[in-house]
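J.: Pasted the sequence and its predicted model underneath.
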Amino acid sequence: MKKIRMGCGSASWGDMLDPAVELMEKGELDYMGFDHLAELTMSILQRMKDKNPKRGYIPDLLPWMRALLPIAKEKGVRMLTNAGGANPEQAGNDVLALSKELGIDGMKIGVVSGDDVGSRLDDFRKQGLKFVNLDTGEEDIDRISDKIVAAHVYVGSESLVEGLEKGADLIITGRASDNAMYVAPMVHELGWKMDDWHKMGTAVTVGHIIECSAGCAGGMSNFWKEIKEPWRVAFPIAEVYEDGRTIITKAKGAGRMVNEWTVKEHLVYEVHDPENYFMPDAIGDFSKIRVKDIGKDMVEVTGIGGKKRPDMLKMTIGYEDGWIGESEISVCWPDAYEKAKFCEAFLRGRFKARNLTIDDVRFDFIGMNSIHGPLSKMTENLEDINEIRVRVAAKTRTREDANQVRREVTHLWTHGPVGTTAVISPPPPRKVIGLWPTLVPRELVPTKVEMMEG
Amino acid sequence: MTTYKLKDLAYARSGDKGDIVDIGVMAKDDEAYRILKKYLTADKVKGFFSPIVKGKVLRYDIDTLNSLEFVMHNALGGGATRTLCMDQTGKAYGPNMLRMEFEADE
């Protein structure tokens, strides 16, 4: 029976490289997929491209490919990545140039485009699309129309499959769904029909399990105490058979673990309704899914269901939405808690005195309540607290006001209570990108693959 | 009447999509799942998170994994890109929820 082994090489922009290299070397893989994009990332990349037309893809792509291409070539592993971001064509050109520099001949790259609809929004609206905000129900897109930075549609795997059929060693996409990186190889190698909804449900679910790199292999885990060598991270493998049988595992000798619990942790992660896991290629149903340890670091997954792919695709519009100014400073024993409250009063008063326009402000006492907020359990002996880091974050309309927020924190160094210190260097004002998620009919967003050959 | 601490019965992991935070609650064994399924209602979770979560809370059950999925709306101060929270992506909501205590009439 036909089977393929797919490894995950990245879950986000900034993920670790060495577990991907280890997996490429030791994983006995047929394919490796990479996700580098989060909801916000597309707007950041679009802004990079607006400033310089040769940028706009994930900068990590080049060092990643420098490390991985030679091994992939030697082992015969094909790769798929959405690191193309807002500029997949340029990413393709640059990786092709890199492959020549590395002495790799005849490299074939499939560049997938069509997801970038920033220039088509007016056209869509003329066709009667409403762009109802999926999060808030708001319909008044005009409110943000002059602040829009980017608009991209989460597209599925059709053009990726086509690229594999044309012999691509590497597929580079823009905002294709994370799990299209894994759906495409399954369709291509296992002969699964893209309208066989049971198989496609399996494909998107398997994609979900491994697409978050160490997410199913001991990362973000409740079982962190079982990890004996914290610094060793392993990325996962999905071994998928023609009939849909799936085993999640990792490379022999790699760190951490893959077991029923670590896979389960990822199955319940960020899925909303498990009976209806919406992806462009299918709706996965894991309401009856089962996981079973069948060996060391080997988990069999069964009981996956699937339903017809949605007619509408998700589109995310990114728009400029003001600024955030933030900074931190430390207060110390004795009376650390009283000093922290003094700092908060100082800052609130200073913001008012300086007439800063602040739409929202938040104070955190790091070490006491910054993560669990009002649900944090307060310590009984406040006078014993060694130190507190006071953090303020404020949403402003201008960069100047955001910058003033951090300057006022710095003033606490010399105008606050005795011992107030460690201001370090505060982060620069942060431009806020608001996200406006909405839906568009699939037929309005065709994708295509263009082949580049070295 | 018994008072249960969620931390004794389950593990939890959380994450975000927009302004929604999802918490997956995994029962430690079959008996724990029976109790959670019966008593850990979406209403109780909404009550627990009321200082933080402004929108509705929905529960989905995955019996084959002994797990419950809680989907909490308007939960992250506008979502990861614009929230003022330090936990921008809701990763710590799961562990926070393990503080929860609830009563069972058995």
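T.: Sure thing, it's come through.
J.: Chain B versus residue A:58, what's the distance?
T.: Distance, residue A:58 to chain B, using CB to the nearest CB, to the nearest Å: 18 Å. C-beta here means a position set from N, CA and C on the backbone, and glycine is covered the same way.
J.: Which residue, other than its chain neighbours, is closest to residue A:317?
T.: residue A:436 (4.1 Å; CB to CB, 6 or more residues apart in numbering or on different chains).
J.: what number of residues lie near the nearest residue to residue A:85 once chain neighbours are set aside?
T.: Leaving out its chain neighbours, the residue that sits closest to residue A:85 by CB to CB, 6+ apart is residue A:45, at 3.8 Å. By the criterion of other CB atoms under 10 Å in any protein chain shown, residue A:45 has 27 neighbours.
J.: The host helix or strand of the residue nearest to residue A:317: what's the following helix or strand?
T.: Element membership for residue A:436, per DSSP states H and E: strand A:430-441. Next in sequence after strand A:430-441, counting helices and strands by DSSP H and E, comes strand A:448-453.
J.: do you know how far the residue of chain A found nearest chain B is from residue B:68?
T.: Chain B sits closest to residue A:268 of chain A, with a gap of 2.5 Å, by CB to the nearest CB. Using CB to CB, to the nearest Å, one gets 8 Å for the distance from residue A:268 to residue B:68.
J.: shared neighbours, these two?
T.: Residues touching both residue A:268 and residue B:68 (CB atoms under 8 Å, 6 or more residues apart in numbering or on different chains) are B:24-25, B:62.
J.: Narrow those to just the buried residues.
T.: B:24-25, B:62 (16 or more other CB atoms under 10 Å in any protein chain shown).
J.: Those: which ones sit near chain A?
T.: Among these, the ones lying near chain A by CB under 8 Å from any CB of the partner chain are B:24-25, B:62.
J.: quick one: the helices in chain B?
T.: With DSSP state H as the criterion, chain B has helices at B:6-9, B:30-39, B:42-48, B:93-97.
J.: out of the ones next to chain A among the buried ones among the shared contacts of residue A:268 and residue B:68, who's nearest chain A?
T.: Nearest to chain A out of those is residue B:24 (CB to the nearest CB; 2.5 Å).
J.: now the helices for chain A?
T.: Under DSSP H, chain A gives helices at A:18-26, A:41-51, A:61-75, A:88-101, A:121-126, A:158-165, A:180-190, A:197-210, A:260-267, A:336-353, A:399-415.
J.: is it possible to export those helices to a markdown table including mean pLDDT and distance to residue A:384?
T.: Converted to a markdown table, the helices of chain A look like this (pLDDT from 0 to 100; distance: least, CB to CB, whole Å):
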| stretch | mean pLDDT | distance to residue A:384 |
| --- | --- | --- |
| helix A:18-26 | 98 | 41 |
| helix A:41-51 | 93 | 43 |
| helix A:61-75 | 98 | 47 |
| helix A:88-101 | 98 | 54 |
| helix A:121-126 | 94 | 57 |
| helix A:158-165 | 98 | 58 |
| helix A:180-190 | 98 | 51 |
| helix A:197-210 | 98 | 45 |
| helix A:260-267 | 98 | 36 |
| helix A:336-353 | 98 | 9 |
| helix A:399-415 | 97 | 23 |
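J.: so which of those gets nearest residue A:441?
T.: Among the helices of chain A, helix A:121-126 comes nearest to residue A:441, with 9.3 Å by CB to CB.
J.: and that closest one, which residues are buried?
T.: Within helix A:121-126, the residues scored as buried using 16+ other CB under 10 Å are A:121, A:124.
J.: mind saving the C-alpha coords of it as CSV?
T.: The C-alpha coordinates for helix A:121-126 follow below in CSV (Å, rounded to 0.1, in the frame of the first residue of the first chain):
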residue,chain,number,x,y,z
LEU,A,121,-11.5,45.0,-2.9
ASP,A,122,-13.4,47.7,-4.8
ASP,A,123,-14.1,45.3,-7.6
PHE,A,124,-15.5,42.8,-5.1
ARG,A,125,-17.8,45.4,-3.6
LYS,A,126,-19.1,46.4,-7.0
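J.: how far does it sit from the chain's center?
T.: Helix A:121-126 has its C-alpha centroid displaced from the chain centroid by 28 Å (CA atoms, centre = their mean, to the nearest Å).
J.: which other residues reach it?
T.: A:117, A:131, A:141, A:148, A:151, A:317, A:440, A:444.
J.: Look up the closest residue to the last one, ignoring the ones flanking it.
T.: Nearest in space to residue A:444, with sequence neighbours left out and distances taken as CB to CB, 6+ apart, is residue A:124 at 6.7 Å.
J.: Then the first one?
T.: Spatial nearest neighbour of residue A:117, excluding adjacent residues (CB to CB, 6+ apart): residue A:151 at 5.1 Å.
J.: so what's that neighbour up against?
T.: Taking CB under 8 Å, 6+ apart as the criterion, residue A:151 is in contact with A:116-118, A:120-121, A:315-318.
J.: Chain A: which of the helices of chain B is closest?
T.: Comparing the helices of chain B by their distance to chain A (CB to the nearest CB), the top pick is helix B:93-97, with 4.6 Å.
J.: how many degrees apart are the strand ranked longest in chain A and helix A:41-51 in direction?
T.: For chain A, the strand that runs over the most residues, judged by DSSP state E, is strand A:312-332. Here strand A:312-332 runs at 90 degrees with respect to helix A:41-51, directions being taken by axes from the mean of the first three to the mean of the last three CA atoms, to 10 degrees.
J.: right, and residue A:208 touches residue A:272 too?
T.: No: Residue A:208 lies out of contact with residue A:272 (CB atoms under 8 Å); the separation is 11.7 Å.
J.: helices or strands next to the strand holding residue A:436 in the packing?
T.: Strand A:430-441 is packed against helix A:41-51, strand A:312-332, with contacts defined by 3 or more CB pairs under 8 Å, 6 or more residues apart in numbering or on different chains; DSSP states H and E.
J.: Rebuild these as a markdown table, extending it with distance to residue A:295.
T.: Converted to a markdown table, the helices and strands packed on strand A:430-441 look like this (distance: least, CB to CB, whole Å):
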| stretch | distance to residue A:295 |
| --- | --- |
| helix A:41-51 | 37 |
| strand A:312-332 | 38 |
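J.: Confirm for me that residue A:75 is in contact with residue A:26.
T.: No: Residue A:75 lies out of contact with residue A:26 (CB under 8 Å); the separation is 9.8 Å.
J.: in chain B, which spans are strands?
T.: Ranges of strands in chain B, per DSSP E, are B:2-5, B:10-17, B:20-27, B:57-62, B:67-72, B:101-104.
J.: any chance of these in a markdown table, plus mean pLDDT?
T.: Shown next, in a markdown table, are the strands of chain B (pLDDT from 0 to 100):
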| stretch | mean pLDDT |
| --- | --- |
| strand B:2-5 | 97 |
| strand B:10-17 | 96 |
| strand B:20-27 | 97 |
| strand B:57-62 | 98 |
| strand B:67-72 | 98 |
| strand B:101-104 | 96 |
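J.: would you list those in TSV and tack on distance to residue A:327?
T.: Shown next, in TSV, are the strands of chain B (distance: least, CB to CB, whole Å):
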stretch	distance to residue A:327
strand B:2-5	37
strand B:10-17	24
strand B:20-27	26
strand B:57-62	34
strand B:67-72	29
strand B:101-104	36
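J.: hmm, back to that, closest one to residue B:95 among the helices and strands packed on strand A:430-441?
T.: strand A:312-332 (22.4 Å).
J.: okay, the angle between that closest one and helix A:399-415?
T.: 20 degrees.
J.: So for strand A:312-332, mean pLDDT?
T.: Averaged across strand A:312-332, pLDDT comes to 97.
J.: Give the buried residues for that strand.
T.: Residues of strand A:312-332 classed as buried by neighbour count (16+ other CB under 10 Å): A:313-332.
J.: Repeat that for stretch B:36-47.
T.: B:36-37, B:39-40, B:42, B:44-46.
J.: Can you give me the buried ones in stretch A:438-445?
T.: For stretch A:438-445, burial by neighbour count (16+ other CB under 10 Å) applies to A:438-440, A:442, A:444-445.
J.: Quick check: of those residues, which lies closest to residue A:240?
T.: The nearest member of the buried residues of stretch A:438-445 to residue A:240, counting by CB to CB, is residue A:442 at 25.4 Å.
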